[in-house]
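Novice: Predicted model follows, preceded by the sequence.
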Amino acid sequence: MESRKARFGMVKLKDCMPSKVLTSGASPEKSHATSEAAPPKVGFVSLGCPKNLVDSEVMMGLVSRAGAELTPRAEDADVIVVNTCSFIETAQQESVNTILEMAGHKNGGKARKLVVAGCLVERFRDQIRKDIPEVDAVVGTGELENILAATGLTPAAEHAARNSPFVVLPSRPEGAARAAQGRFSRDSWTGAIADLPNYLYDDATPRILATPRHMAYIKIAEGCDHPCTFCIIPQLRGQFRSRRFESVVAEAERLAQSGVREITLIGQDTTCYGEDFDLRHGLALLLEKLARIEDLRWIRFLYAYPNKITSRLLETISQNEKICSYMDVPLQHASASVLKRMKRGGGADVFLRSIGKMRRIVPDLTLRTSFIVGFPGETEKEFEELCDFVREAQFDWMGTFAYSDQEGAAAFALDKKLSPREIERRRKHLMSIQRQISKKKKKALVGREFDLLLEGESDESDLLLEGRTAMHAPEIDGKVFVNDFPQEMTPQPGQFYRCQITEAHDYDLVARILWRDFDSAI
Ligand code: SF4
C-alpha cells in the first residue's frame, strides 16, 4: 500500500441521490435507526468497476433503509464511505489518495466517521487501520451488511446477533478443485482475514441506483474460479457463485417498472452463470427470459470468458432484438506461449476462429476486448504476435492494461520482468494500431442510421448532447455526440431516438437526431 505521502486526487462524490429505493415496498423501512437524534447524512465515493458500483448501491440501500440520509456532498456528510478498488497498483493508489482526501473532512470538517469498504480492505485490512488512523471502520466485499454497524446505524453487537449464520453457497467443481490447489489462499498477505468473501445480494436486498434512471447494472454472479496467474480477484472476491435465476429476473422486472430501459449484466465471468447450480446454458436462458420483460429495451452482458462462448449463447443474441449484438471478451493476450504462462490457454489461431464464428452467427456484432501488455517474459516476438492478431481481428473496441505486479498472484514470482518504460512503449504501440482500426471502422458508419439512447448534455461542451447506440456499453466505449435535431423537438435524457451518423473521429461519432421513438418513453 502507498504511504500517506501520496498526492490527493480530485475525487468527487458520485451523485447518490437517485429517485428510487429498490425495495419491495415503496419507501425505505426505518426501523434500524438506533436513536431519536437526526439521522446521519452518509456520503459514498465509489471507485473501480461496475461490480464495485453495485456493491456501493447495495450499501446505500442498506443505510437508507436503516434511516440514514444520503448526500452527494462530502462537506455535508456525517459519515463518508469510500468503496475502494484493488485490481492493479494504480487502482490501489487512487483508493489510498481518495481515503486521504476524505480523511480531510474529518480533520476540521463536518464528518465524524470515515469508513473504508471494498477490495482494498480484503487486501490490506490491518494496514489501512494502522496507517490511516482517521479510518473508523472497514467493510470487506463479503461483509456489505456490516455497513450498518460501521456507519453507527446499528450497534455492532446487535447487528451480529441479528445477522443470519454464515451461508455457504454451492460451488462449481472447478472452484472446489482450485480451492484445493490453493487458488484462493491469502497466506502471502499479512493483515487479510482468512475467510473468503461469500456474500451475494438478491432481489430482496435494498439497493439505490447511482446510475442515470434509464440504465442499471445487475450483478448476476460474484467471484471467480479461473487460474489466471496475473490476477488476485479470486482471492479478493472469493469463489464463483451465481445469483438465483428467479432473483435476477425479479430484480430486472422491478427495475423496468421503475423506468430502467437498459440492463447490463455483470460478474467477474458472466458466461459461467448457473454452473454452480447445474444450470446448462444459464446465461442464454437468463437473457431469453429478460428479453421477455416488456419495458426493457436493451440488454447486454459484459466479461465473457473466451472458451465459454457457445453457439447457443450466440444464437440467443442473434435471435433476440432486445439483446444487444455486443460482446466484451477480455482475451488478455494472443501469443499462445504468453497465454500458457498466464494459465488461460488459447492463442491467435483459436481466437480468430472463434471470432469468425461469433461474427458468422451474429453478423452485426460489436466486439470489445482487452489485453495485458508486458507480462513477465513477454518477448518482442510474442508482442509482435499480439500486434499482428489485433490487426487481423479488427476489434470495434479495445482496452490495454500495463502489466503490474500483484503480491499473491502467481505471476509475482516469475522472472524476466519488463521495465515500466518498455511496457508503456508496447502499450502505446498497440493502442496506435487499434486507433487506426477504430478510425476506419467509425468512418464506415457515416450515413448509417441507429437507435440512440440519449444520455444528456455532453461533458465536452454545453452545445452538444451525447448518447449511446447499442454498439456502446455504458461508461467504457466511445461517445456519440449529437449536434442537430428537428427544430420542434426538445430531446430528453433517457429517451430513445432514431439518429444518423454524420461524422466520425478516431473513437467518437457525431450524429443528428431524425425522430423520437415514442415506444420507449419512460
Ligand atoms: S477470469 Fe478474470 S477475474 Fe477471473 S482470474 Fe482471470 S482475469 Fe481474474
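Specialist: Looks like it came in fine.
Novice: Can you tell me how far the residue nearest to residue 361 when sequence neighbours are not counted is from the ligand?
Specialist: Of all residues not flanking residue 361 in the chain, residue 314 sits nearest, at 4.0 Å (CB to CB, 6 or more residues apart in numbering). Yep, even glycine has a C-beta here, placed from its N, CA and C like the rest. As judged by CB to the nearest ligand atom, to the nearest Å, residue 314 and the ligand stand 20 Å apart.
Novice: so where do the strands sit in the stretch 101-250 of the chain?
Specialist: Using DSSP state E, counting those that start in this stretch, the strands of the stretch 101-250 of the chain run over 113-118, 137-139, 215-219, 221-222, 241-242.
Novice: so what's the backbone phi/psi at residue 311?
Specialist: For residue 311, the backbone dihedrals are phi -60, psi -40 (criterion: degrees, to the nearest 10).
Novice: let me redo that: residue 262
Specialist: phi -130, psi 130.
Novice: For it, grab the count of nearby residues.
Specialist: Residue 262 sits with 26 neighbouring residues when counted by other CB atoms under 10 Å.
Novice: Kindly state the beta-bridge partners for it.
Specialist: Counting by DSSP bridges, residue 262 forms beta bridges with residue 215, residue 298.
Novice: Could you number the chain from 730 rather than 1 from now on?
Specialist: All right, first residue 730 from here; so that's residue 991.
Novice: Flag every residue of this structure that's near the ligand.
Specialist: Within the chain, the positions lying close to the ligand (CB under 6 Å from any ligand atom) are 953, 955, 957, 960, 962, 963, 997, 998, 1034.
Novice: Now pLDDT and neighbour count too, for the residues you listed, in JSON lines please.
Specialist: Formatted as JSON lines, the entries for these read as follows, by pLDDT from 0 to 100; neighbours: other CB atoms under 10 Å:
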{"residue": "953", "pLDDT": "95", "neighbour count": "27"}
{"residue": "955", "pLDDT": "94", "neighbour count": "18"}
{"residue": "957", "pLDDT": "96", "neighbour count": "21"}
{"residue": "960", "pLDDT": "94", "neighbour count": "24"}
{"residue": "962", "pLDDT": "91", "neighbour count": "20"}
{"residue": "963", "pLDDT": "93", "neighbour count": "25"}
{"residue": "997", "pLDDT": "94", "neighbour count": "23"}
{"residue": "998", "pLDDT": "94", "neighbour count": "20"}
{"residue": "1034", "pLDDT": "95", "neighbour count": "18"}
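Novice: Among those residues, which ones are in helices?
Specialist: Counting by DSSP state H, the part of the residues of the chain next to the ligand found in helices is 962, 963.
Novice: show me the contacts for residue 1218.
Specialist: 1242, 1245 (CB atoms under 8 Å, 6 or more residues apart in numbering).
Novice: Try it again at 6 Å.
Specialist: For residue 1218, no residue counts as a contact, taking CB atoms under 6 Å, 6 or more residues apart in numbering as the criterion.
Novice: Same question for residue 1133.
Specialist: The neighbourhood of residue 1133, defined by CB under 6 Å, 6+ apart, consists of 817, 818.
Novice: Give me the three-state assignment for it.
Specialist: Local secondary structure at residue 1133 is given as coil here, using DSSP: H, G, I helix; E, B strand; the rest coil.
Novice: Give me the phi and psi angles of residue 1181.
Specialist: Given degrees, to the nearest 10, the pair of backbone angles that residue 1181 has is phi -130, psi 130.
Novice: quick revisit: let me have the residues of the chain next to the ligand in a markdown table, adding distance to residue 920 as columns.
Specialist: As requested, the residues of the chain next to the ligand are arranged in a markdown table below (distance: CB to CB, whole Å):
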| residue | distance to residue 920 |
| --- | --- |
| 953 | 22 |
| 955 | 25 |
| 957 | 24 |
| 960 | 20 |
| 962 | 19 |
| 963 | 18 |
| 997 | 23 |
| 998 | 28 |
| 1034 | 31 |
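Novice: Poorly predicted segments of the chain, please.
Specialist: Per-residue confidence of the chain (counting by pLDDT under 70) places the weak regions at 730-766, 884-899, 1247-1251.
Novice: Which parts of the chain are helices?
Specialist: Taking DSSP H, the helices of the chain run over residues 779-794, 818-832, 848-860, 876-879, 885-891, 902-909, 962-966, 974-986, 1011-1020, 1040-1048, 1065-1070, 1077-1090, 1109-1122, 1149-1172.
Novice: What helices and strands are in contact with the shortest one?
Specialist: In terms of contacts (3 or more CB pairs under 6 Å, 6 or more residues apart in numbering; DSSP states H and E), helix 876-879 is packed against strand 866-868, helix 885-891.
Novice: and residue 1225, which of the helices of the chain is closest to it?
Specialist: Among these, the nearest to residue 1225 by CB to CB is helix 974-986 (14.4 Å).
Novice: Can you give me the separation between residue 1163 and residue 1029?
Specialist: Residue 1163 sits at a distance of 21 Å from residue 1029 (criterion: CB to CB, to the nearest Å).
Novice: any idea how far residue 1058 is from the closest residue to residue 1014 other than its chain neighbours?
Specialist: The shortest distance from residue 1014 to any residue that is not its chain neighbour, by CB to CB, 6+ apart, is 7.0 Å, and that residue is residue 1008. Counting by CB to CB, the gap between residue 1008 and residue 1058 amounts to 21 Å.
Novice: same question, residue 922
Specialist: Using CB to CB, residue 922 is found at 34 Å from residue 1058.
Novice: out of those two, which sits in the more crowded spot?
Specialist: Legend: neighbour count by other CB under 10 Å for residue 922 and residue 1058, higher for residue 1058 (22 against 15).
Novice: Tell me who's in contact with the nearest residue to the more buried one once chain neighbours are set aside.
Specialist: The shortest distance from residue 1058 to any residue other than its chain neighbours is 4.7 Å, reached at residue 1033 (CB to CB, 6+ apart). Going by CB under 6 Å, 6+ apart, residue 1033 touches 1000, 1056, 1058.
Novice: Return the member of those residues nearest to residue 1155.
Specialist: residue 1058 (21.2 Å).
Novice: I'd assumed residue 1097 was in contact with the closest one.
Specialist: No. At 7.3 Å, residue 1058 does not count as touching residue 1097 under the criterion of CB atoms under 6 Å.
Novice: Need the nearest residue in space to whichever residue of the stretch 980-1129 of the chain sits closest to the ligand, chain neighbours excluded.
Specialist: Of the residues in the stretch 980-1129 of the chain, the one nearest the ligand is residue 997, at a distance of 4.2 Å by CB to the nearest ligand atom. With CB to CB, 6+ apart as the criterion, residue 997 has its nearest non-adjacent residue at 3.9 Å, and that residue is residue 953.
Novice: wait, that neighbour sits on residue 963?
Specialist: Yes. With contact defined as CB under 6 Å, residue 953 and residue 963 form a contacting pair (4.9 Å).
Novice: so how far is residue 944 from residue 1083?
Specialist: If you go by CB to CB, the gap between residue 1083 and residue 944 works out to 29 Å.
Novice: between these two, which one's more packed in?
Specialist: More neighbours sit around residue 944 than around the other of residue 1083 and residue 944, counting by other CB under 10 Å; the figures are 21 against 16.
Novice: I'd say that one and residue 991 touch.
Specialist: Yes. Under the criterion of CB under 6 Å, residue 944 lies in contact with residue 991, with a separation of 4.2 Å.
Novice: any common contacting residues for these two?
Specialist: Between them, residue 944 and residue 991 share no neighbouring residue, with contact defined by CB under 6 Å, 6+ apart.
Novice: Count the neighbours of the residue nearest to residue 1090 for me.
Specialist: Residue 1043 is surrounded by 20 other residues when neighbours are defined as other CB under 10 Å.
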